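>>> When you get a sec, could you give me coordinates for this:
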Amino acid sequence: MRGAIDFLAGIVGQTLLIAIVLGAIVGLAVGVLLLIDTARVLRWNERMSRWISTREAAQRFDRPRDIKRFVYRAHRVIGVLVVAGALYTLDILTFGFQSGALVRAFRDLGNQGVLGMVVDTGRVFLIVGNLAALAAGVVLCLRPSLLKGLELWADRTYAAREHSAALDQMRFQPDMWVSQNPRLAGFLVFAGSAFILFSLGLRPFL
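Modelled structure (predicted):
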């Protein structure tokens, strides 16, 4: 497992490094152009500025979908699947789970005592959750009407678009600031990009 984690971490790290280097190179070019040809960069910005709203796409996920008829129609099959999944998971968590191996695999993330406590706490939560799922599966197999009260209490719709509306608004302040201070913006972009490339270039030799 340790080898797989190191392999994935290496791929993610290299991908992020390439993305940062490419972004810094583009930043250098944009910074220089803002200093010597501001009008061209502002024209590019006008052409590339397109409002892409996630509100319409998110509405599909916010639509309530009623599956009660399907669940009650096939309650025995679903109940058996829930019971089987809960029993299998409880068997793994109780007899086949080795918290020490997981702590050793992530020992570089922090203190092993704290990691062990986090892993054991998560294991307890999973066991309690699967015990509840086991009980629900048995009830669903034998007498699903007993879940009506719980169903009425839990059957609610939570819409994300109401809370994310403020994030889905156009804000022109950065564009306005750049158009009013093009040379200062160009200098800051150029300096920041040069600093990133300088730091990444010298780090292996330090």
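
>>> tell me the contacts of residue 80?
137, 141 (CB atoms under 8 Å, 6 or more residues apart in numbering). C-beta here means a position set from N, CA and C on the backbone, and glycine is covered the same way.

>>> For it, identify the helix or strand it belongs to.
Assigned by DSSP states H and E, residue 80 belongs to helix 75-91.

>>> same thing with residue 115?
Assigned by DSSP H and E, residue 115 falls in helix 112-142.

>>> Packing partners of that helix?
helix 75-91, helix 99-105 (3 or more CB pairs under 8 Å, 6 or more residues apart in numbering; DSSP states H and E).

>>> would you list those helices in CSV and tack on distance to residue 18?
Below are these laid out as CSV (distance: least, CB to CB, whole Å):
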stretch, distance to residue 18
helix 75-91, 39
helix 99-105, 27
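
>>> OK, contacts around residue 187?
Listed by CB under 8 Å, 6+ apart, the contact partners of residue 187 are 31, 35.

>>> Need the pLDDT of it.
Looking at residue 187, its pLDDT is 89.

>>> and if you look at residue 195?
In this prediction residue 195 is given a pLDDT of 88.

>>> For residue 19, find the nearest of the helices and strands packed on helix 112-142.
helix 99-105 (26.7 Å; CB to CB).

>>> can you tell me the average pLDDT over that closest one?
68.

>>> tilt between the helix holding residue 80 and helix 112-142?
160 degrees (axes from the mean of the first three to the mean of the last three CA atoms, to 10 degrees).

>>> Now do helix 75-91: distance to the chain's middle.
How far helix 75-91 lies from its chain's middle: 28 Å, per CA atoms, centre = their mean, to the nearest Å.

>>> buried stuff in that helix?
Of all the residues in helix 75-91, those buried under the rule 16 or more other CB atoms under 10 Å are 75, 78, 79, 82, 83, 86, 89, 90.

>>> was I right about the second one contacting residue 140?
Yes: the pair formed by residue 78 and residue 140 meets the contact definition of CB atoms under 8 Å, at 6.2 Å.

>>> okay, and the common contacts of those two?
Joint contacts of residue 78 and residue 140 (CB under 8 Å, 6+ apart) are residue 71.

>>> Let me know which of the helices and strands packed on helix 112-142 is the nearest to residue 114.
helix 99-105 (9.6 Å).

>>> which strands and helices sit next to the longest helix along the chain?
The longest helix of the chain (DSSP state H) is helix 2-36. Helix 2-36 is packed against helix 38-48, helix 99-105, helix 182-202, with contacts defined by 3+ CB pairs under 8 Å, 6+ apart.

>>> how close does residue 76 get to residue 97?
30 Å (CB to CB, to the nearest Å).

>>> picking up where we left off before, for residue 119, which of the helices and strands packed on helix 2-36 is the nearest?
Here helix 99-105 is closest among the helices and strands packed on helix 2-36 (CB to CB), at 4.7 Å.

>>> Just name the closest of the buried residues of helix 75-91 to residue 24, please.
residue 89 (46.1 Å).
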